[in-house]
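Q: coords please:
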Amino acid sequence: MPLRKLRNIGIAAHIDAGKTTVTERILFFTGTNRKIGEVHDGQATMDFMKQEQERGITIASAAISCTWKDSQINIIDTPGHVDFTIEVERSLRVIDGMVALFCAVGGVEPQSETVWNQAYRYKVPRIAFVNKMDRTGADFQDVVAQMDENLDANAVPFQLPIGSEEDFEGIIDLIENKAYTFEGTQSIEMPIPADYVEQTITARAYLMEKIAEVDDAVMELFLEDKEVSKEMLKNAARNATLKLMITPVFCGAAYKNKGVQLLLDAVIDYLPSPLDIGAVVGQDIDDPEKSHSRAPSDKQPFAALAFKLIHDPFVGQQTFIRIYSGKITSGMALANTTRDKSERAGRILRISAKDREDIQEAGAGDIVALIGMKFTKTGDTLCDALHPILLENINIPPSVIELKVSPQTRKDQEKLGEALHKLTNEDPSFGVRFDDETEETIISGMGELHLEIMIDRLKHEFNLEVVVGEPAVAYRETITSETVSDYKHSKQTGGKGQFAHTIIRLEPNEDNGYEFVERIKGGAIPLEYIPSVDKGIKKTMERGILAGFPVVDVKAVLLDGRYHPVDSSDLAFQTCASICFRQGFMKANPILLEPVMKIEVNTPDDYIGDIVGNLNKRRGRIESMRRHRKGSQKLVGFVPLSEMFGYATTLRNLSSGRANYSMDFFKYLPVTKAIQEEVLKKIADKKKEEAGK
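A: Okay, the predicted model is just below:
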C-alpha cells in the first residue's frame, strides 16, 4: 500500500469518554469485525485482557489494522486512567495523528488535559470527536468552548449536530454542506433541515474564516467574497491541522452507530500519513552532537523504535516496533544501538488485537511485532548495523507508590522473580527491588490501580498467589549540603587482603539525577578501578541510606585515593566507595523527598468550599480555579501523595458523588523536618516489629 494511504493513529481521552466503543465501531464499519463487541459485556476486541474485561476499562494499548476507502489505518487504543499514563506516552511517541475523544456531557475532563499536553509535547496533529451526543446534558458548543478555554486548541467545528440528547438525529458536514442521518448501521444523506440552514451558513462562514487565517489563497477568495471550492477548503484545512494551527471537531454517538463513518473519512482527510510527518531525526552513536535523518521510504536504511513489549503465553515475548525507514525481513540481523547489542528478527507479526498474522517483511510506516528479541526494551532503537542511528527514547515517569509482595509458599520465590521480571520488561513504569535487610520484594508503580492490576496478573497469568502488604509512598533520599568524605578500606584475612582508599566530594545536584566525576591525578587510583568506585556508589544509592529509599540528585566527585598493587581489587574499591559515600551522605544534611501530585478536581459550585478546605488539610496548595461547565468549577493544585490515600471516598462524600478528580505525578519535593522524623520513626518501629516476629 502506498505510504500516502497509510494512517498511524491513536485514540485517546479521559476514562469513560468512549474510546474503546469508538474503536469497536471502526472495526465493524471497516469490515475487520463481523459483529460489534461491547465494553459493558466484556466483549470488546481491543480490551482482550481479563483485567480489562472485568473492569470495563482499557489497560494496555492495543494495536490493530483496518482498511477504509482504499487506505490502511493502524489504530492504537490507549487507556484513559492516569495510572496507565506510560501506555499513552509510548503510543504518542510512535503514532502520526490522534483522535481526541470528549464526552458531550463531561467535556474537557482532567485526564483529557493530560493526554492533550502529552500529544502537544510530541507535536502530534489532532482531530476531536465529541462523543455521546445522545446523552442527557450533551452540549456540543460548550465542549468546543472548553477545548479553547482549557486546552488552547483553536477548536473549529467541521460538523454541527442535528438535535442533541434524546433528539440527536444526525450531523451536518460543513465542508461538504450536506446533512446525514443514521438508521441502524447505515448513514443516509439528506437535505439540510430548514431550521438549521441559517445556523449552517453562520458555522460554515466561521469555518472558512478560521481556515483563511492560516491559508493565504483561501484568505484572498474569502476577502473578495468569492466561492472557495470544497477541495481547496479541505486541502487548506488539512495543512492547518498538520501544522497544529487548528483542531477540527466532529461529533456523534458511537454506541448508537452515529457519526463513526464520517469520523473515518476525517481520519483519512485530515490526519497525516508517514510522508506528511517526513524524516525522523536521530543521533550519531559516536557523536551525540551530530544527527542523522531517515526519510519514510523502503529504500532508506532500516530504522525503527521498540515501543512496547508484551509477554504472550503462545508465542513468547512480542516486541512492538514502529518502522520509520527501510524494510525488515524475517531472519534479518539488526543492531540495537541503545544497548550496543546485536539482534535477529525471528518472526514478524501483524497484530489485530489478540489475533496475529505472520508476514515475511514490513516497511516504512508499519507497526508490527517481532518475535525473538533478546535484549530489546521499551524505547530502544533497532536499525541496520551498517547505518547506525539512535532515535529519541520514550519519557518514562518515576513510580510513586510501593507494595511489599511475597509468595504464599517458599518454593514459589523463584517463580515470582521470573514473573516480575517479565512484567517489568513489559511496563517500564513498573519497578521491582529486593530489600536485602528485610528479605522482601517491593514493587512500585504509578498508582493503587496500577499495582492492583499487576497483582491480579500475577494471579491469573502466572498462577501465583501472593501476600500483599499495605500501599506505601515511594520516598527518595538526597543531600542538601556539600561535604568531603575520606575512607580507607583495609582488611587482612590471611593470604590476599583487601585495600582501597577513596576521597569523595558529594554535592547536591537538584533535578539532574546522579553524576559521577573523577579528578584523579598522577595515577593515585589506577584507571581500571575508577568504574568500581562508580559502581559501589550506584549500588549504595539504590539501597538507600537514611531509610532504605533510593538516593537521587547527588554529584559525586572522586578527588583522590590510594591503592595497593596486590591487595587492591574491583571488590575492594566498590566496598570502599560504598562506605565512603554512606559516611559522606550522613554528613551532608540528608533529607527525604516525597512525590507531589498535580490534582485536578471538577466540582459543582456548591461544594467548592468544602473541597478546598479538605485539600488544605492534606497539605495541598491550590494553584487555580476556573469555570468548567455552567455551574461547575475546575480546581487545579498540588498535594503530597502520602495525604491522598482514600481521597476518592472523601470526595464522593463531600460532593454527594457529583465531583470527580484526576492526579498525576508532578515532581519530588523535600518533606518538612517534622514529617521526615515521623516517617523515619514509623519505618524504625516497623523494622523492630518485624524483627520481633
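Q: would you list every one of the strands in the stretch 551-693 of the chain?
A: 554-562, 590-604, 621-627, 632-640, 660-670 (DSSP state E, counting those that start in this stretch).
Q: Can you give the strand pairings for the fourth one, parallel or anti for each?
A: When pairing is defined by DSSP bridges, strand 632-640 lines up against strand 590-604 (antiparallel), strand 621-627 (antiparallel).
Q: Tell me the predicted confidence for the nearest residue to Lys404 once chain neighbours are set aside.
A: Of all residues not flanking Lys404 in the chain, Gly469 sits nearest, at 3.5 Å (CB to CB, 6 or more residues apart in numbering). To be clear about C-beta, it is placed using only N, CA and C from the backbone, and glycine gets the same treatment. Looking at Gly469, its pLDDT is 85.
Q: ok, now Thr136?
A: For Thr136, pLDDT reads 93.
Q: count of neighbours near it?
A: 9 (other CB atoms under 10 Å).
Q: One more: Val566?
A: By other CB under 10 Å, the residues close to Val566 number 9.
Q: For it, which non-adjacent residue is closest in space?
A: Counting by CB to CB, 6+ apart, Lys496 is the residue found nearest to Val566 once chain neighbours are left out, at 6.6 Å.
Q: From what I see, that neighbour and Asp567 are in contact.
A: Yes - judged on CB atoms under 8 Å, Lys496 makes contact with Asp567 at a distance of 6.3 Å.
Q: and these two? which has more neighbours close in?
A: Shown here are Lys496 and Asp567; by other CB under 10 Å, Asp567 has more neighbours (16 against 10).
Q: Just give the nearest non-adjacent residue to the more buried one, would you?
A: Closest to Asp567 by CB to CB, 6+ apart is Phe499, at 3.8 Å.
Q: Can you name the residues bridging to that neighbour?
A: Ser490.
Q: what residue ranges in the stretch 1-150 of the chain score low on pLDDT?
A: Within the stretch 1-150 of the chain, the segments meeting pLDDT under 70 span 15, 32-62, 77-87.
Q: change it to 80
A: Counting by pLDDT under 80, the ranges of the stretch 1-150 of the chain that qualify are 1, 13-20, 31-64, 76-91, 110-114.
Q: ranges for the helices of it?
A: For the stretch 1-150 of the chain, the helices defined by DSSP state H, counting those that start in this stretch cover 19-29, 50-55, 85-94, 110-121, 140-151.
Q: Need those in JSON lines (columns: mean neighbour count and distance to Gly417).
A: Formatted as JSON lines, these follow (neighbours: other CB atoms under 10 Å; distance: least, CB to CB, whole Å):
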{"stretch": "helix 19-29", "mean neighbour count": "25", "distance to Gly417": "34"}
{"stretch": "helix 50-55", "mean neighbour count": "16", "distance to Gly417": "22"}
{"stretch": "helix 85-94", "mean neighbour count": "25", "distance to Gly417": "22"}
{"stretch": "helix 110-121", "mean neighbour count": "21", "distance to Gly417": "33"}
{"stretch": "helix 140-151", "mean neighbour count": "19", "distance to Gly417": "44"}
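Q: And these: which comes nearest Leu370?
A: Evaluated over the helices of the stretch 1-150 of the chain, closeness to Leu370 peaks at helix 85-94, with 14.2 Å, by CB to CB.
Q: these two touch, right, Ala572 and His489?
A: Yes - with contacts counted by CB under 8 Å, Ala572 reaches His489, the gap being 6.1 Å.
Q: Find residues that contact each of the two.
A: 498-500 (CB atoms under 8 Å, 6 or more residues apart in numbering).
Q: Highest neighbour count among the residues you listed?
A: Ala500 (31 neighbours).
Q: Okay, that one and Ala577: tell me how far apart.
A: Noted for Ala500: a distance of 8 Å to Ala577, by CB to CB, to the nearest Å.
Q: Kindly report the same for Leu233.
A: Look at Leu233 and Ala577: by CB to CB, they are 67 Å apart.
Q: and what of Ser91?
A: Look at Ser91 and Ala577: by CB to CB, they are 41 Å apart.
Q: can you check Asp269 too?
A: Distance, Asp269 to Ala577, by CB to CB: 61 Å.
Q: neighbour count winner among these two?
A: Ala577 (31 against 16).
Q: didn't the more buried one look like it was pressed against Pro531?
A: No - between Ala577 and Pro531 there is no contact under CB under 8 Å: 10.4 Å.
Q: for this protein, which helix is longest?
A: Using DSSP state H to define each element, the chain has its longest helix at helix 673-692.
Q: Give me the contacts around that one.
A: Contacts for helix 673-692 (CB under 8 Å, 6+ apart): 437-438, 475, 546-548, 591-592, 594, 671.
Q: Counting neighbours, what do you get for the residue nearest to Lys404?
A: For Gly469, the neighbour count with other CB under 10 Å is 13.
Q: what residues are up against it?
A: 403-405.
Q: among those, which are in strands?
A: 403-405 (DSSP state E).
Q: if we take these, which one ends up nearest to Leu449?
A: Within the ones in strands among the contacts of Gly469, the smallest distance to Leu449 is 12.2 Å, found for Leu403 (CB to CB).
Q: ok, that closest one to Ile443 distance?
A: 5 Å.
Q: which one of the two has more residues nearby?
A: When Leu403 and Ile443 are compared on other CB under 10 Å, the one with more neighbours turns out to be Ile443, at 25 against 21.
Q: How about the contacts made by the more buried one?
A: By CB under 8 Å, 6+ apart, the neighbours of Ile443 are 402-403, 405, 420, 430-432, 451, 454.
Q: List the pairing partners of the helix or strand hosting it within its sheet, with orientation.
A: Ile443 belongs to strand 440-445 when elements are defined using DSSP states H and E. Note on strand 440-445: by DSSP bridges, its sheet partners are strand 401-407 (antiparallel), strand 431-435 (antiparallel).
Q: Can you lay out those as a markdown table showing mean pLDDT and distance to Ala12?
A: Output for those, formatted as a markdown table (pLDDT from 0 to 100; distance: least, CB to CB, whole Å):
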| stretch | mean pLDDT | distance to Ala12 |
| --- | --- | --- |
| strand 401-407 | 87 | 23 |
| strand 431-435 | 82 | 25 |
